Every structure is written in C-alpha cells, then in structure tokens.
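[1] below is the structure, and that's it, no one-letter string:
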C-alpha cells in the first residue's frame, strides 16, 4: 500500500496568458496597419496601369482609323440639330474589337432627341460601357449621374472615362469662372461655344464637338507636343456626363480648366446636389469640361504620337495650354 499520501501530482496545462494574447493581437494589428497601405498602393498601381493601357488602346485605334480614313473621327458627328451620329469613341469601335457593338447601331436614324436612338431602353448596348471605356480607379459610376435629373432613359446610358481633346478653347461663360474664359481661346485662334463647329480652322485642339476631326498634318506643333485624349470624371462635368452617345460635347474635353479642377458634387465643398454657380460647380463649363482623373496628383493623357504620359496637376498652366493647342507655334516647356 502506497503510504505517500502527501505526494500531489499536478498536471500543468499549456496556453497563453491574457497578457500574452493581448500582445500577440497588438502585434498582428500593427502588421496589418503596416501592410494595408502597401496592399492598397499595389492595387492602385495595377488600376493605374490598366487605365493607362486603355488610353494606349485608344491611341492604336485612332491611328488605325486615320490610316483607313486619312483623318481622325469627329469629336461628335452631328448633321443638323436632329441627326446624331455619336462621339469619336463610338466610331473607333471597329478598331477596338467592338465591331459587334458597332454593327448594332443604326446610324440612319433621324431622331428628334439628343440621343442616337429614340429610346436607349431599346438599345441595351448603350447601357453597359465597354471595358476599355472605364478606368478601374474611377468610382464615379458607369451611367449618367443622378444629379443630372431623372428620366425614362437618362440614367441608362453608359459613361466613358476618356475624352477627346478640344484644346485651349473659349467656353461658354454661363456659370463659368471668369479667370478661365478667353475670347477666341487662350491663343486667340478658336471659336466660342465649346468648339461646336464643323470648321476646323477655328478649333484649337484635334477634335471639335461638331463634325470635325483633325488629321495628323493638322498637328502643326508636332504629334509629340499635342494631346489627343485624356482622362475625365463624367460625374464632375455638365456636358461630358452626357456620354459619347449624346450630343453637346459628350465626348470632348478641354485644357482650358486646370487638371483636376474641383467641380465634383460632394467633394471639396461642392454641394452633393451640384447646385450653385461659380467655379466650384459642374455647371461651370469653363472648368468642369476640363480633364480630371481619380489618380492622386494628375492624370493620364494620350499624345498624338501614341505615347501615354501622366501629367501632374501642377503642370505650368501655359505649358498645359500649349499641349492642348495643335498650332500655337510656341516652345513647349517640360511637363
């Protein structure tokens, strides 16, 4: 008989104390805090690359179109007030593997509305933008913003996050910013009313919002010194939110307003309902119809030689206007 009754057998269980557990949790939280910005930056870098590649695709399509037609497509092709033919982005479809969409469009329609069709509900291909139209970083939405109002077809039309370059143009002064309104354009060589003209002689950039598109030979300053396209945020614009499916500068932007000038509803003090006048409003066409991007510090632009450059929003204003104008004849500074 075992008489060692005082012997006590103890089994020690392994595990963390509360303090150890809290320390581990704190370390994990610190690591997450350190890694999350890096992950977000990597994702944004990938989105920016995709956005840049979209503009490269536009550049290839524009030059292939030019080879076929000896000219670039009009920024918006319109015959009279009620015969809409769509923006340049649409006429590039056959050169961007989108011939199947292009072939669904009846360009013979003579309609009394601003849309290419009598009712976009009848044309589902108008409602979903092609992937090449969308910058992955742009969260403004794929269709017309709600602040523009309501209607049976208004919000169904697909947006495009890239616009043609209308140049350093004079823009309508209504609801505008007086410091960015230049009679005759920044260089005195262009028309008013957002380049709504068929006469290329009075168009500062390479595209008008009427039925004119330039030729490579029209880039008198050289293709490497002239913008063809750039990023936009349709949500922040009065006319570009119309989309290339509609008239009235729905696919043309201008260098008149500085890059990323704040006119976005709900941002930088602009009312969410976009009301009000002055510079801080999407109704201020002189600045809202400018190029804007969701990328911090600037935006991507397509040059006439097919190169895509990220241009800082702090670029010298005069240099930016020279990039926008195809024939200013002045020395271009660094950008």
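    Okay, I see it. If you're wondering where the values come from, they're calculated on a predicted model, not measured in any experiment.
[2] give me the distance between the two termini of stretch 301-315.
    Taking CA to CA, to the nearest Å as the measure, stretch 301-315 stretches 13 Å from start to finish.
[3] give me the mean pLDDT for that stretch.
    Averaged over stretch 301-315, pLDDT sits at 97.
[4] what segments of the protein are strands?
    76-78, 84-87, 162-165, 227-231, 252-253, 298-303, 308-312 (DSSP state E).
[5] so what's the residue count around residue 315?
    16 (other CB atoms under 10 Å). Yep, even glycine has a C-beta here, placed from its N, CA and C like the rest.
[6] whoops, residue 130 was the one
    Neighbours of residue 130 under the rule other CB under 10 Å: 17.
[7] go ahead and confirm it touches residue 96.
    Yes - using CB atoms under 8 Å, residue 130 and residue 96 qualify as a contacting pair, with a distance of 7.4 Å.
[8] want to throw the strands of the chain into TSV with distance to residue 211?
    Listed next are the strands of the chain as TSV, based on distance: least, CB to CB, whole Å:
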stretch	distance to residue 211
strand 76-78	5
strand 84-87	8
strand 162-165	13
strand 227-231	18
strand 252-253	12
strand 298-303	22
strand 308-312	27
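[9] would you list those strands in CSV and tack on mean neighbour count and distance to residue 272?
    Formatted as CSV, the strands of the chain follow (neighbours: other CB atoms under 10 Å; distance: least, CB to CB, whole Å):
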stretch, mean neighbour count, distance to residue 272
strand 76-78, 24, 29
strand 84-87, 25, 28
strand 162-165, 30, 24
strand 227-231, 28, 23
strand 252-253, 32, 23
strand 298-303, 23, 23
strand 308-312, 17, 28
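[10] out of these, which gets nearest to residue 321?
    Of all the strands of the chain, strand 227-231 sits nearest to residue 321, with 10.5 Å by CB to CB.
[11] tell me how far the closest one lies from the chain's centre.
    Averaging C-alpha positions (CA atoms, centre = their mean, to the nearest Å) puts strand 227-231 9 Å from its chain's average.
[12] tell me which residue is most central in the chain.
    Nearest to the geometric centre of the chain sits residue 232, at 2.3 Å (CA atoms, centre = their mean).
[13] go ahead and confirm that one touches residue 161.
    Yes - here residue 232 reaches residue 161: they are 6.2 Å apart, a contact under CB under 8 Å.
[14] now do the contacts for the residue nearest to the residue nearest to the centre of the chain when sequence neighbours are not counted.
    Nearest residue to residue 232 in three dimensions, chain neighbours excluded: residue 163, at 4.6 Å (CB to CB, 6 or more residues apart in numbering). Residues counted as contacts of residue 163 (CB atoms under 8 Å, 6 or more residues apart in numbering) are 229, 230, 232, 240, 251, 252, 253, 291.
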